[in-house]
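Participant: Structure for this input, please:
(2 chains)
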Protein chains: 2
Amino acid sequence: MRYELYYWPSIQGRGEFVRLALEDAGADYVDVARRPRGMAAMLRILESGSVKQPPFAPPFLKAGRQLIAQTANILLYLGPRLGLAPSSAAGRLWVHQLQLTIADWVVEAHDVHHPIGGGLYYEEQKREAKRRARDFRTNRLPKFLDYFGEVIERNRGARTTYADLSLFQMIAGLRYAFPRAMAKLERRRAWVDALHQRIAARPGIRAYLASPRRIPFNEQGIFRHYPELDG
Amino acid sequence: MRYELYYWPSIQGRGEFVRLALEDAGADYVDVARRPRGMAAMLRILESGSVKQPPFAPPFLKAGRQLIAQTANILLYLGPRLGLAPSSAAGRLWVHQLQLTIADWVVEAHDVHHPIGGGLYYEEQKREAKRRARDFRTNRLPKFLDYFGEVIERNRGARTTYADLSLFQMIAGLRYAFPRAMAKLERRRAWVDALHQRIAARPGIRAYLASPRRIPFNEQGIFRHYPELDG
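Facilitator: Numbers count the residues shown, from 1 in each chain, chains lettered A, B, ... in the order given. Predicted coordinates:
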C-alpha cells in the first residue's frame, strides 16, 4: 500500500516522527504537502465540512480509505505494519506508552519557546520563554532523559521499535535547540550518544538523513535554537 | 478481573478519565492510593529500580501482570473490555485519536495556570498565567470546542465510547475553572450542555458523581478556579 502522509512541508515538526518510521522501513509513501498542489490538498481535508472523522491538526495519514491523525496514533497503526513494534498486544501497549511519554516531552520542548500561546510570535513571549527554559533545562530535561535512560537499561537486547526512532529524533532536536545544556547533560549519560549513533546508522535512516527529504532544523519547528534559552 | 488504578488520591486529575470509564461500566477496581498504605504502594512502583516497564508518572493501571501507564493508553486497553470502544480496529483508532486530542487539550487547560513550570507555585507565575489564560479563552477553547462539536455533529447515532466520557469531564472541568468564559461560549453551542447531561444521566456515572468516590474539583488539579484567569 502507498501511504499518504500529510504534514507541513517546511518543518520536521511532529510529522518527522512518522517520516522516520516510514523511511527506516523503506515504506512506499508520499509526503503530500511537499508535492505541487499538496498544501491545497492538505488544507482541503482540514477544512472539509464533510470528512466524517476529521483530524484536529496535521500530521495525518491516509492508508487506503482510513484517515488517521495524532502522531502517536499513526505510529500505533504503522508500527506492526513496518516491523517496528512488538508482536504481542502487551508489547505494543508498552511501546505506545513510551511514545505517549515522548509526545508529552515534545509539548514541553515546544512550549519552552511558546509558553504563552502558539498564536503569538516568540518575540512576544521572550521574557516568559527565558523563565520556562530555565525550568526545562534544570528540571524537565534531566527527568525525561533519566527516565528513558532507565527504560533502555532495563530492556537491553529488545528489538528496535518506532519509539527508539522517536527518541533519536528527540535527541537530535534537543541537541540542535540546546547545544550547551545537552553537552553538559550528556557528560554522565553515555546512552544518549550511543542511541543516537545506533539509530543514525540504520540503513534506512542513514540514507534518509543524507537525502533532501530530511528538512533541516529551523526556527519554525518544535526544536528552535535561540541561544538565550540555552543557559 | 479486579483492576488496580494508581493515581494521586486528592485530585481528579488525569486519573479521572480512567475512573469515569471504570465507573460507567461498573468494573471491579481498586483506587489503590486512596486506601490505607496505598500511596506507599504507588510510590514503591514509581521509585522501583527493577520494574521492567516503568511508568513515567501516574495514572497507571495494573491488570493482572500488566502495568499500563499514560491515560489514553490505559483507555485504549480498557475501552473494548468495558464495552466503551467500537469493535473494529479502525473504529478503535478513531476513538483513540479523539482521546489523544483531548489529552492535548488537558495539557493546555493545565498550563493556563502553570505556563512557566509545574514545579513552581501558581503565585510564582500568576502574571504569565493571566496572559496565557487570555489566549486560551479567546483562541484555544473555542477551537477545541468547535472541533468536538463538529465531530459529534458528523457522527450522530454513534455508540457512546470512553472519548464521550472524557469529553464530559473536559466540560465539567472547564465549567469549574472558567465559569464566565464557558457560559459565554456555550450560548451558541447547545451540544455542550446536551453532551454533559447525556453522560451525567448514565446510571454508572450518575451513581459515581453522587458518591464520595468523586473527588470535588479543587485548586491542586488540572482544572482550577482562579477568577482572575476567567476574564
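Participant: now what about stretch A:84-97, what contacts it?
Facilitator: A:21, A:24-25, A:72, A:75-76, A:78-80, A:159-163, A:165, B:53, B:55, B:66, B:68-70, B:73, B:76-77 (CB atoms under 8 Å, 6 or more residues apart in numbering or on different chains). C-beta coordinates here come from the backbone N, C-alpha and C atoms, glycine included.
Participant: Got a ChimeraX select line for the buried ones in those?
Facilitator: The command below creates a ChimeraX selection of those among the contacts of stretch A:84-97 that count as buried (16 or more other CB atoms under 10 Å in any protein chain shown):
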select /A:21,24,25,72,75,76,78,79,161,162,163,165 /B:53,55,68,69,70,73,76,77
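Participant: List the ones among the contacts of stretch A:84-97 that fall in strands.
Facilitator: Of the contacts of stretch A:84-97, the ones assigned to strands by DSSP state E are B:66, B:68-69.
Participant: among these, which are in reach of chain A?
Facilitator: Among the ones in strands among the contacts of stretch A:84-97, the residues within reach of chain A (CB under 8 Å from any CB of the partner chain) are B:66, B:68-69.
Participant: Next, format the ones in strands among the contacts of stretch A:84-97 as JSON lines and append pLDDT and distance to B:Glu4.
Facilitator: Formatted as JSON lines, the ones in strands among the contacts of stretch A:84-97 follow (pLDDT from 0 to 100; distance: CB to CB, whole Å):
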{"residue": "B:Gln66", "pLDDT": "97", "distance to B:Glu4": "11"}
{"residue": "B:Ile68", "pLDDT": "98", "distance to B:Glu4": "11"}
{"residue": "B:Ala69", "pLDDT": "98", "distance to B:Glu4": "13"}
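Participant: Show me what counts as buried in the longest helix along chain A.
Facilitator: In chain A, with assignment by DSSP state H, the single longest helix is helix A:89-111. Judged by neighbour count (16+ other CB under 10 Å), helix A:89-111 contains these buried residues: A:92-106, A:108-111.
Participant: and the closest residue to A:Leu75 other than its chain neighbours, what does it touch?
Facilitator: Nearest non-adjacent residue to A:Leu75, counting by CB to CB, 6 or more residues apart in numbering or on different chains: A:Tyr162, 4.7 Å away. With contact taken as CB under 8 Å, 6+ apart, A:Tyr162 is in contact with A:17, A:20-21, A:75, A:78-79, A:82, A:84-85, A:95, A:99.
Participant: contacting residues around the nearest residue to A:Phe56 once chain neighbours are set aside?
Facilitator: Spatial nearest neighbour of A:Phe56, excluding adjacent residues (CB to CB, 6+ apart): B:Thr101 at 4.6 Å. Contacts for B:Thr101 were tallied using CB under 8 Å, 6+ apart; they are A:56, A:69-70, B:144, B:147.
Participant: Pick the one among those closest to B:Leu43.
Facilitator: Using CB to CB, A:Gln70 comes nearest to B:Leu43 of those, at 31.1 Å.
Participant: got a list of what the closest one touches?
Facilitator: So A:Gln70 contacts A:55-56, B:96-97, B:100-101 (CB under 8 Å, 6+ apart).
Participant: try it again with 6 Å
Facilitator: Counting by CB atoms under 6 Å, 6 or more residues apart in numbering or on different chains, A:Gln70 makes contact with B:97, B:100.
Participant: Check what pLDDT it gets.
Facilitator: With respect to pLDDT, A:Gln70 scores 98.
Participant: Please apply the same query to A:Thr138.
Facilitator: pLDDT, A:Thr138: 97.
Participant: Same check on A:Ala200?
Facilitator: So, for A:Ala200, pLDDT stands at 98.
Participant: A:Leu84 - how many residues pack around it?
Facilitator: 22 (other CB atoms under 10 Å in any protein chain shown).
Participant: Check it and give its pLDDT.
Facilitator: Reported pLDDT for A:Leu84: 98.
Participant: Can you say which helix or strand has it in it?
Facilitator: Using DSSP states H and E, A:Leu84 is not contained in any helix or strand.
Participant: measure the nearest residue to it once chain neighbours are set aside to A:Tyr6 for me?
Facilitator: In space, A:Leu84 comes closest to A:Tyr162 once its chain neighbours are excluded; the distance is 4.3 Å by CB to CB, 6+ apart. As judged by CB to CB, to the nearest Å, A:Tyr162 and A:Tyr6 stand 18 Å apart.
Participant: A:Thr161 now?
Facilitator: Counting by CB to CB - A:Thr161 and A:Tyr6 are separated by 24 Å.
Participant: Next: A:Ala172.
Facilitator: For A:Ala172 relative to A:Tyr6 (CB to CB), the value is 23 Å.
Participant: Could you do A:Ala69 as well?
Facilitator: 9 Å.
Participant: anything in contact with each of the two?
Facilitator: A:Phe60.
Participant: Could you double-check that A:Ala163 sits in contact with A:Leu100?
Facilitator: No: if you go by CB atoms under 6 Å, A:Ala163 and A:Leu100 don't touch, sitting 9.7 Å apart.
Participant: the inter-axis angle of the longest helix of chain A versus helix B:89-111?
Facilitator: Helix A:89-111 and helix B:89-111 meet at an angle of 40 degrees, taking axes from the mean of the first three to the mean of the last three CA atoms, to 10 degrees as the criterion.
Participant: For helix A:89-111, what does the pLDDT average out to?
Facilitator: The model assigns helix A:89-111 a mean pLDDT of 98.
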